Every structure is written in structure tokens, then in C-alpha cells.
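K.L.:
Dropping the sequence and predicted coords here.
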Amino acid sequence: KAGVTQTPRYLIKTRGQQVTLSCSPISGHRSVSWYQQTPGQGLQFLFEYFSETQRNKGNFPGRFSGRQFSNSRSEMNVSTLELGDSALYLCASSWGDRGNSNGYTFGSGTRLTVV
Amino acid sequence: DQQVKQNSPSLSVQEGRISILNCDYTNSMFDYFLWYKKYPAEGPTFLISISSIKDKNEDGRFTVFLNKSAKHLSLHIVPSQPGDSAVYFCAASASQGNLIFGKGTKLSVKP
């Protein structure tokens, strides 16, 4: 079966611009979570969507937002990009009822570089 | 305030020996713990998990130990192989909560 697909794989943007990243979860998975990975900071939780509703949110500024569609595909948006937003953005999908019991399945990530 | 801590950024082990990766947590509400493995330019892959009702879970060469009183868990890899060289992340969650990850430990297994 197809895994978690994230597009695009790489992205270069300039400060002040906005960006939209996409994630297609594994078929049947209803939960999509987004993480930011930067060197030395591990994976920091951004938000989780379950059945089109934001279920959990991490400690990121309001410039970071997301949404989930009825087919469980999710997008995250970052507005007014800053240099510090350069990171690997990872999407993970799970069944969602007790997603952690089966482990999340991660995509390969989108590498965002802000210049 | 880090709720999940991996205090060793790196670990180097000889092939065939045991690798022990450690993880500490502070939130007593965590009831599920997982280990993920990550290669460069790839997303993390689920390795093994343990529920708080257990103190040990084994899967092939991988064993996770949980010490609830010490709020500590460890991942043992025996025997270590060069292909195990990767960054290992410890993660924890409370019921219906999101996964909280540590900063990772880079394991190098030398032939």
C-alpha cells in the first residue's frame, strides 16, 4: 500500500513569503500530525488533525496553520516566513483512535529553506 | 521545558556488541512510549513501542525496557549491525495526546 506522501520534497522561499505544504496519509488513516525538525531540536509537534478537526496544537506562533480535507489529506501553511522557519517538515498519519498504539507512519518530509 | 529527554546526542558501538540508548521523561501522564529510527533525508520509521503496563517489550534484536518509577526507558540493540547506524528518537504520549519526541541520539555502529 502507498505510504505517506509529502509534496514538495524541497522548497526555497524568501523571507516574508508564505508557503503551503501537502500531506497525503495512508489510505484509511484519519489522523495527520505535523512536526518540525531542526538541527539539535528533534521533532517538535506543530498540530494534529483528526476527521477535519484540529485535535491538538503545539507551541508555535499563529503564522503556522493547517487544515484537513474530507479525504484526510492535510495541508500546512506558514505565512510571513522567517529564516528560522528553515527546517524539515514531517507529516505522520495514523488510524487516530489510539494512533500511538500502532505508531505513526511518517512521510519523507519537505525540506524548506528560507533565504 | 523538555518532557522527553535523550541526554546523549551520540553513541558509538562496535559491530556485534550491545547498543543501549536511553530516554528520560518528566510527564507522569505518559502511558505509551515508542522508539523511532531515522536515516538522513527520510522520515522516522517506527521501531518498537511499550505500554506503561509493561516493563519490557522485545522484537528480534530490539528490546525496550521501561522503569516507571525512574521515568526512564531504554532501547537495547543486540547484536548491533552497521545498518543500525541512524538517529534514534524516543517518543511518548498520554491518552489521545500527540507524540512528544526527544532530540534524538545518533548511533554509529563501526564494523
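P.N.:
Yep, it's here.

K.L.:
mind checking how far B:Q14 is from B:Q81?
P.N.:
To B:Q81, B:Q14 is 11 Å away according to C-beta to C-beta, to the nearest Å. To be clear about C-beta, it is placed using only N, CA and C from the backbone, and glycine gets the same treatment.

K.L.:
okay, and the common contacts of those two?
P.N.:
Residues touching both B:Q14 and B:Q81 by C-beta atoms under 8 Å, 6 or more residues apart in numbering or on different chains: B:V109.

K.L.:
Grab the nearest non-local neighbour of residue 76.
P.N.:
Reading this off chain A. For A:M76, ignoring the flanking residues on the chain, the nearest one in space by C-beta to C-beta, 6 or more residues apart in numbering or on different chains is A:G66 at 4.2 Å.

K.L.:
nope, chain B
P.N.:
B:T63 (4.6 Å).

K.L.:
Which residues of chain A lie near chain B?
P.N.:
Proximity of chain A to chain B, by C-beta under 8 Å from any C-beta of the partner chain, involves residues A:4, A:33, A:35, A:40-45, A:48, A:55-56, A:58, A:90, A:92, A:98, A:100-101, A:103-109.

K.L.:
quick revisit: show me the contacts for the residue nearest to B:H76.
P.N.:
Going by C-beta under 8 Å, 6+ apart, B:T63 touches B:48, B:56-57, B:75-76, B:78.

K.L.:
And the pLDDT at it?
P.N.:
Reading off the per-residue confidence, B:T63 sits at a pLDDT of 98.

K.L.:
I'd like to know how far A:Y89 sits from chain B.
P.N.:
Applying C-beta to the nearest C-beta, to the nearest Å, the value for A:Y89 to chain B is 10 Å.

K.L.:
and if you look at A:Q18?
P.N.:
As judged by C-beta to the nearest C-beta, A:Q18 and chain B stand 24 Å apart.

K.L.:
tell me the contacts of the residue lying closest to that residue once chain neighbours are set aside?
P.N.:
In space, A:Q18 comes closest to A:S79 once its chain neighbours are excluded; the distance is 4.3 Å by C-beta to C-beta, 6+ apart. The contact partners of A:S79, by C-beta under 8 Å, 6+ apart, come to A:18, A:63, A:65.

K.L.:
Ok, A:R67 next?
P.N.:
Listed by C-beta under 8 Å, 6+ apart, the contact set of A:R67 reads A:49, A:52, A:74-75.

K.L.:
try it again with 10 Å
P.N.:
Neighbouring residues of A:R67 by C-beta atoms under 10 Å, 6 or more residues apart in numbering or on different chains: A:20, A:32, A:47, A:49, A:52-54, A:73-77.

K.L.:
As a check, name the ranges of all helices in chain A.
P.N.:
Assigned by DSSP state H, the helices in chain A fall at A:99-102.

K.L.:
now the strands: where do they sit in it?
P.N.:
Taking DSSP state E as the criterion, chain A carries its strands at A:5-7, A:10-13, A:19-24, A:31-38, A:42-50, A:53-57, A:64-68, A:74-78, A:87-94, A:105-106, A:110-114.

K.L.:
List the buried residues of the last one.
P.N.:
Under the neighbour-count criterion of 16 or more other C-beta atoms under 10 Å in any protein chain shown, strand A:110-114 has A:110-112, A:114 buried.
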